[in-house]
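Peer 1: prediction below, plus the sequence it came from.
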Amino acid sequence: TVKDRKEEMNISQLLGKAHSLKPSVKEKLAGSPIRTSEDVSQRVYLYEGLLGRDKGSMWDQLEDAAMETFSISKERSTLWDQMQFWEDAFLDAVMLEREGMGMDQGPQEMIDRYLSLGEHDRKRLEDDEDRLLATLLHNLISYMLLMKVNKNDIRKKVRRLMGKSHIGLVYSQQINEVLDQLANLNGRDLSIWSSGSRHMKKQTFVVHAGTDTNGDIFFMEVCDDCVVLRSNIGTVYERWWYEKLINMTYCPKTKVLCLWRRNGSETQLNKFYTKKCRELYYCVKDSMERAAARQQSIKPGPELGGEFPVQDMKTGEGGLLQVTLEGINLKFMHNQVGASSSTRLPVRRTSVQAPSTSPGELEQLDPGKKSQGRAQ
């Protein structure tokens, strides 16, 4: 309608001049070509309302109707000049980012895993930590520039936080380059870096503990380095690193996924029922293969494999259970049963030592001892 068009024209007049998109510091340092006029757009940035209403600014031109839309103070708040506020904001951001990336496990668990890895994987973990801290420090500088914080205060606070964080040389050099250019930066000149949690690729499946729907409900998250088991309220219940997983099988008929993992010197079996058993199996398998490509130097673990005397509970026939990296094989006196759907773990060639028994010894087993190795 004519009335709507008039209102749109009035709003466009009130908003003032256009905000051109300025090249970022990274583009300046790299010598990128200046953006064309096609990149210029009519934009209003809400953060400007937090800086107070300077005389002659667009905020003085807004009418009562527009003023009700935004909560705008008349003067810039002194909160932005409190350095403790920015330090607290940085620490809170680190906590949330670590949680979003699945790095919020206990300190002892982190140390144990770090010590169990090879030199290459230790460097990778250190690089992930440094990248997280450097990204948040870079964004902190950008936010402080938006709020027109004193640049000397920005340098002091950021360098102090950088020292407390013990960031490595590569990423600390990037932050120092930004601080060296700080005198030439204002407002939106420094672009925001995308946080690592936004690039996380993880899939979540609803599973039941056990072999049917009577078990407790959990959410199983398949991450880059591990499988996370969360309760129905989101609390982390278990975290299984791929280098700790020994074997994985699934049965499409019963829709049960079996995970064998190393827990200290023992091997622990966990069973989960899920309607998307096949999808979960291949999701974990693909993620483990990607993790294996990143892990090039891993400390050797105990060997998994061996032969175990077993007995068929239905027929009473004795047999031999062979566990190898290729799967599981059952040998009986009259027939041989191949392994069910199983996978050879791509992460590492590890296995558990088990007493070896030859088929000849199996025939001479004491009947009273056979029951100890019965196959379920």
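Peer 2: Yes, it's here. Numbers count the residues shown, from 1 in each chain.

Peer 1: CA atoms for contacts and neighbours, from now on please.
Peer 2: Will do.

Peer 1: how many other residues sit next to Lys253?
Peer 2: 7 (other C-alpha atoms under 10 Å).

Peer 1: give me the distance between it and Arg278.
Peer 2: Per C-alpha to C-alpha, to the nearest Å, Lys253 is found 10 Å from Arg278.

Peer 1: buried ones in stretch 177-197?
Peer 2: 178-179, 182, 185, 188-192, 195-196 (16 or more other C-alpha atoms under 10 Å).

Peer 1: whoops, stretch 154-164 was the one
Peer 2: So for stretch 154-164, counting by 16+ other C-alpha under 10 Å, buried means 154-155, 157-159, 161-162.

Peer 1: looking at Val236 now. What's its pLDDT?
Peer 2: According to the prediction, Val236 has pLDDT 81.

Peer 1: for it, grab phi and psi.
Peer 2: Val236 adopts backbone torsions of phi -70, psi 120, taken as degrees, to the nearest 10.

Peer 1: residues in contact with it?
Peer 2: Val236 makes contact with 228-230, according to C-alpha atoms under 8 Å, 6 or more residues apart in numbering.

Peer 1: pull stretch 199-217 out as PDB, backbone CA atoms only.
Peer 2: Below are the C-alpha coordinates for stretch 199-217, written out as PDB (Å, rounded to 0.1, in the frame of the first residue of the first chain):
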ATOM      1  CA  HIS A 199      33.300 -27.000  12.100                       C
ATOM      2  CA  MET A 200      32.700 -30.100  14.200                       C
ATOM      3  CA  LYS A 201      31.100 -32.900  12.300                       C
ATOM      4  CA  LYS A 202      29.400 -35.300  14.800                       C
ATOM      5  CA  GLN A 203      26.400 -37.400  14.500                       C
ATOM      6  CA  THR A 204      24.100 -38.400  17.300                       C
ATOM      7  CA  PHE A 205      22.200 -41.700  17.700                       C
ATOM      8  CA  VAL A 206      19.600 -42.800  20.300                       C
ATOM      9  CA  VAL A 207      20.700 -46.100  21.800                       C
ATOM     10  CA  HIS A 208      19.500 -48.400  24.600                       C
ATOM     11  CA  ALA A 209      22.000 -50.100  26.900                       C
ATOM     12  CA  GLY A 210      21.800 -53.900  26.400                       C
ATOM     13  CA  THR A 211      20.100 -55.900  23.700                       C
ATOM     14  CA  ASP A 212      16.500 -54.500  23.600                       C
ATOM     15  CA  THR A 213      14.500 -51.400  24.400                       C
ATOM     16  CA  ASN A 214      14.300 -52.200  28.100                       C
ATOM     17  CA  GLY A 215      17.700 -50.800  28.700                       C
ATOM     18  CA  ASP A 216      18.500 -47.200  29.700                       C
ATOM     19  CA  ILE A 217      18.300 -44.600  26.900                       C
END
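
Peer 1: what does that stretch contact?
Peer 2: With contact meaning C-alpha under 8 Å, 6+ apart, stretch 199-217 is reached by 101, 218-224, 231-232, 254, 256, 270-274, 276, 280, 283.

Peer 1: which ones among those residues map onto strands?
Peer 2: 218-222, 256, 270-273 (DSSP state E).

Peer 1: longest helix in the protein, by residue count?
Peer 2: helix 119-146 (DSSP state H).

Peer 1: then the helix or strand just after that helix to PDB, C-alphas only?
Peer 2: The helix or strand immediately downstream of helix 119-146 is helix 151-165, counting by DSSP states H and E. In PDB, the C-alpha atoms belonging to helix 151-165 read as follows (Å, rounded to 0.1, in the frame of the first residue of the first chain):
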ATOM      1  CA  LYS A 151      44.200   0.300  22.500                       C
ATOM      2  CA  ASN A 152      47.000   0.300  25.100                       C
ATOM      3  CA  ASP A 153      44.700  -1.500  27.500                       C
ATOM      4  CA  ILE A 154      43.900  -4.000  24.700                       C
ATOM      5  CA  ARG A 155      47.600  -4.800  24.200                       C
ATOM      6  CA  LYS A 156      48.300  -5.300  27.900                       C
ATOM      7  CA  LYS A 157      45.300  -7.500  28.600                       C
ATOM      8  CA  VAL A 158      45.700  -9.700  25.500                       C
ATOM      9  CA  ARG A 159      49.400 -10.200  26.100                       C
ATOM     10  CA  ARG A 160      48.800 -11.100  29.700                       C
ATOM     11  CA  LEU A 161      46.100 -13.600  28.700                       C
ATOM     12  CA  MET A 162      48.400 -15.000  26.000                       C
ATOM     13  CA  GLY A 163      51.100 -15.500  28.700                       C
ATOM     14  CA  LYS A 164      48.600 -17.200  31.000                       C
ATOM     15  CA  SER A 165      47.400 -19.500  28.300                       C
END
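
Peer 1: so what does helix 151-165 touch, helix or strand wise?
Peer 2: If you count contacts as 3 or more C-alpha pairs under 8 Å, 6 or more residues apart in numbering; DSSP states H and E, helix 151-165 packs onto helix 83-100, helix 119-146.

Peer 1: now do it against helix 119-146, angle only.
Peer 2: 160 degrees (axes from the mean of the first three to the mean of the last three C-alpha atoms, to 10 degrees).

Peer 1: hmm, who's touching the helix or strand following helix 151-165?
Peer 2: Using DSSP H and E, the next helix or strand after helix 151-165 towards the C-terminus is helix 169-180. Helix 169-180 has contacts (C-alpha under 8 Å, 6+ apart) with 25, 130-131, 134, 137-138, 155, 162.

Peer 1: could these go into CSV alongside pLDDT?
Peer 2: Formatted as CSV, those follow (pLDDT from 0 to 100):
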residue, pLDDT
Val25, 53
Asp130, 93
Arg131, 92
Ala134, 94
Leu137, 95
His138, 95
Arg155, 93
Met162, 92
